[in-house]
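Colleague: What follows is a predicted structure for the sequence shown.
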Amino acid sequence: MTTNGGGTQLRGPGRWLPGLAQLAGYPRGALRSDLGAGAAVAIVLIPSVLAYSELLGVAPQLGLYSALGAMVGYALFASSRKVIVGPDTTVALLAASTIAPLAAGDPLRAAALAATLALLSALLLIAAARFDLGAAADLLSKPVLVGYANGAALILVVSQLGSLAGVPLPRDAFLHKLADFAGALPDAHAPTLALGLALIALLLGLRAWAPRVPAALVAVAAGIAASYALALPDAGVAMLPPLPAGLPGPALPAFHLADLRSLVPGAIALAFLVFAEGIVLARTLAARRREPLDANREMTALGVANLGASLLGGYSVGASGSRSITADAAGGRTQVTQWVAIAILLVFVLLLAPLVGRLPRVALAAILIVAGVAMLDLAATRVLARLDPRSLTLSLAVSAGVLVFGVLAGVLLGIALSVARVLIETARPRDAVLRRSPADDRFHDLDDDEPGEAPPGVIVYRLYAPLLFPNARHVADRLRALVDAAPEPARCLVVDLQAVTHVDVTAAEVLVDLHDELEAAGVDVRFAHANRPLREQLARWMPDHDLGRHRFFPSSHAAVDDYLHPPGRRADKAE
């Protein structure tokens, strides 16, 4: 017997396949809504995964295989009731940018590389879950994800301009491809361009005025109908090759050791991206109904999803926001929704896939271009601009990195900038000099226009961060400066540790040295609001030093009042 993150006891097969535990307590009356939601997911999924295959430069059917393997693997291991997985825009773009330089335009090699990349990402996710490393995905913060999405959206749109116009664009870099398109536009294939623009208009119109209609499926149907009605193959419009019916047997991808070295950086970035986006989506959907969610189980499920995709010869997958939201809006309540979509997709792969053989390639380009436009998160960018200009700068830097250096480099740049920002904010933390408020006679971090003052010769200082080696000397210098700049000679310094959750060894040594220095200069150094673990930590590190428990007080005002009106003896310890 074991326990999941929400406290539910798992028995029997549910212990090893926790996704099955959802079936054990399947709610009455949920089947009809799950059936409808599963059908809606399958309708949205089929045309989109064909488009993502085109983006990666592999055979279209590999998108279908990726979706099947991923959905089965995820549904068996997931803790989320609502998340739907499969090929997705941001994940496909990152995978494409990783394998494209190695594949050199060879679809068979691209397929082998894509399956190997999915396998590596799967192993990383499963291993990270085993060692409880889910918090590492937080390095992809909201500004980084927004910046990546905006940069990737522009790359996605530009990557499809050649297919839209029916002209080759040989160079891969964003600006180069944009320049090549501008130069090649006079030579565009008119029937291809006309059909592509018409389908883009259709997709955008349906998104605006009929958002419940599966726009991608309508575009695919319209493209197939046009190819028959207008004899588009005879007019030179490129068509998808006929899709084979049936499923491949599961097998590990063939790879060379040299390829692994080239794929590992992309696999690491994909693991970060897949889990970061997946856990945000899972938490959002779970919060709506206050459902339990186990982050490490989600990481395992996303890893198994990528493993399932790889074993069927597919490519990297992630949690799909659009399909998950579609399922939720259609009333889907459990992972039965995903199993229904799997059944419909399986029927399509086994029996109906050859019908896609008359689909113009430009229809998939139109779907991807509109997906890129929808990916642009301008609303979130405006929020960042309003709430935190530094986060906006980080987001724009990631977008620029994606556009200039490529998708993979842009993601790694985002992670590096996030870490750098945390280190900088830790090294230069926020602080405040507290003043006594006349309203309650206690010390607060008052606004400049609020009345309040400290007694003459008394400084009350609060640090809003852990006291660690990157910021210890900065804080010490800040305290020295406050003592030197005091309008009257400082005689008492109270350090309010309410927001300090941890002090490391280096910071403790700096704190002791500062205490001794100021005490020698006639400044009484005291500490307030230190939590018990922090007091015990300092006492353990400095058992023989004068910086003992008599220096700690339960509040700033208690420390100041004790200094101004000393009792017969110091309190032995803080409350």
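Modeller: Received, thanks.

Colleague: Count residues in the vicinity of residue 468, would you?
Modeller: 18 (other Cβ atoms under 10 Å). The C-beta positions use only the backbone N, C-alpha and C, and glycine is treated the same way.

Colleague: now do the one 5 residues further on
Modeller: The tally of other residues near residue 473 (other Cβ under 10 Å) stands at 15.

Colleague: Contact partners for residue 423?
Modeller: Counting by Cβ atoms under 8 Å, 6 or more residues apart in numbering, residue 423 touches residue 470.

Colleague: May I have whichever strand or helix holds it as PDB, with CA atoms only?
Modeller: Under the criterion of DSSP states H and E, residue 423 resides in helix 407-427. Taking Å, rounded to 0.1, in the frame of the first residue of the first chain, the C-alpha atoms of helix 407-427 are listed here in PDB:
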ATOM      1  CA  VAL A 407      15.100  27.700 -29.800                       C
ATOM      2  CA  LEU A 408      17.400  25.400 -27.800                       C
ATOM      3  CA  ALA A 409      19.900  28.200 -27.100                       C
ATOM      4  CA  GLY A 410      17.100  30.500 -26.100                       C
ATOM      5  CA  VAL A 411      15.700  28.000 -23.500                       C
ATOM      6  CA  LEU A 412      19.200  27.400 -22.000                       C
ATOM      7  CA  LEU A 413      19.700  31.200 -22.000                       C
ATOM      8  CA  GLY A 414      16.400  31.600 -20.200                       C
ATOM      9  CA  ILE A 415      17.500  29.100 -17.500                       C
ATOM     10  CA  ALA A 416      20.800  30.800 -17.100                       C
ATOM     11  CA  LEU A 417      19.200  34.300 -16.800                       C
ATOM     12  CA  SER A 418      16.700  32.900 -14.200                       C
ATOM     13  CA  VAL A 419      19.500  31.500 -12.100                       C
ATOM     14  CA  ALA A 420      21.500  34.700 -12.500                       C
ATOM     15  CA  ARG A 421      18.500  36.800 -11.400                       C
ATOM     16  CA  VAL A 422      18.000  34.700  -8.300                       C
ATOM     17  CA  LEU A 423      21.700  35.000  -7.400                       C
ATOM     18  CA  ILE A 424      21.600  38.800  -8.000                       C
ATOM     19  CA  GLU A 425      18.500  39.200  -5.900                       C
ATOM     20  CA  THR A 426      20.000  37.000  -3.200                       C
ATOM     21  CA  ALA A 427      23.300  39.000  -3.200                       C
END
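
Colleague: Mind checking what helix or strand follows that helix in sequence?
Modeller: Sequence-wise, the next helix or strand downstream of helix 407-427 (DSSP H and E) is strand 431-433.

Colleague: wait, residue 400 sits on residue 150?
Modeller: No - using Cβ atoms under 8 Å, residue 400 is not in contact with residue 150; the gap is 10.0 Å.

Colleague: Give me the common contacts of these two.
Modeller: Common neighbours of residue 400 and residue 150, using Cβ under 8 Å, 6+ apart, do not exist here.

Colleague: what about these two, which has more around it?
Modeller: For the pair residue 400 and residue 150, the greater number of neighbours falls to residue 150 (23 against 15), based on other Cβ under 10 Å.

Colleague: any idea where the helices of the stretch 251-400 of the chain begin and end?
Modeller: 257-288, 295-311, 321-329, 336-347, 361-375, 378-387, 389-405 (DSSP state H, counting those that start in this stretch).

Colleague: okay, those, which one's buried deepest?
Modeller: Mean neighbours per residue, mean count of other Cβ atoms under 10 Å, is largest over the helices of the stretch 251-400 of the chain for helix 295-311, with a mean of 27.

Colleague: and the angle for that one with helix 257-288?
Modeller: Orientation of helix 295-311 against helix 257-288 (axes from the mean of the first three to the mean of the last three Cα atoms, to 10 degrees) gives an angle of 130 degrees.

Colleague: Helix 295-311 - what's its average pLDDT?
Modeller: Across helix 295-311, the average pLDDT comes to 94.

Colleague: next one: stretch 125-144
Modeller: 82.

Colleague: Next: stretch 233-246.
Modeller: Per-residue pLDDT over stretch 233-246 has a mean of 89.

Colleague: How about stretch 400-409?
Modeller: Here the average pLDDT along stretch 400-409 is 87.

Colleague: and if you look at stretch 557-569?
Modeller: Mean predicted lDDT for stretch 557-569 stands at 82.

Colleague: Okay, the residue nearest to residue 115 when sequence neighbours are not counted and residue 39: tell me how far apart.
Modeller: Nearest in space to residue 115, with sequence neighbours left out and distances taken as Cβ to Cβ, 6 or more residues apart in numbering, is residue 253 at 3.6 Å. Residue 253 sits 32 Å away from residue 39, going by Cβ to Cβ, to the nearest Å.

Colleague: With residue 356 instead?
Modeller: From residue 356 to residue 39 the distance is 19 Å (Cβ to Cβ).

Colleague: Compare the two (neighbour count), which wins?
Modeller: Between residue 356 and residue 39, residue 356 has the larger neighbour count (other Cβ under 10 Å), namely 22 against 16.

Colleague: In terms of helix, strand or coil, where does the residue lying closest to that one once chain neighbours are set aside fall?
Modeller: Leaving aside its sequence neighbours, residue 356 sits nearest to residue 243 (Cβ to Cβ, 6+ apart; 5.0 Å). Here residue 243 is recorded as coil under DSSP: H, G, I helix; E, B strand; the rest coil.

Colleague: And for the one 3 residues further on?
Modeller: Look at residue 246: counting by three-state DSSP, its state is coil.

Colleague: Now it: closest residue in space that isn't a chain neighbour?
Modeller: Residue nearest to residue 246 in three dimensions, not counting chain neighbours: residue 350, with 6.2 Å by Cβ to Cβ, 6+ apart.

Colleague: and what of residue 363?
Modeller: Spatial nearest neighbour of residue 363, excluding adjacent residues (Cβ to Cβ, 6+ apart): residue 223 at 3.4 Å.

Colleague: What residues does the residue nearest to residue 356 make contact with?
Modeller: Applying Cβ under 8 Å, 6+ apart to residue 243 gives the contacts 60-61, 64, 353-354, 356-357.
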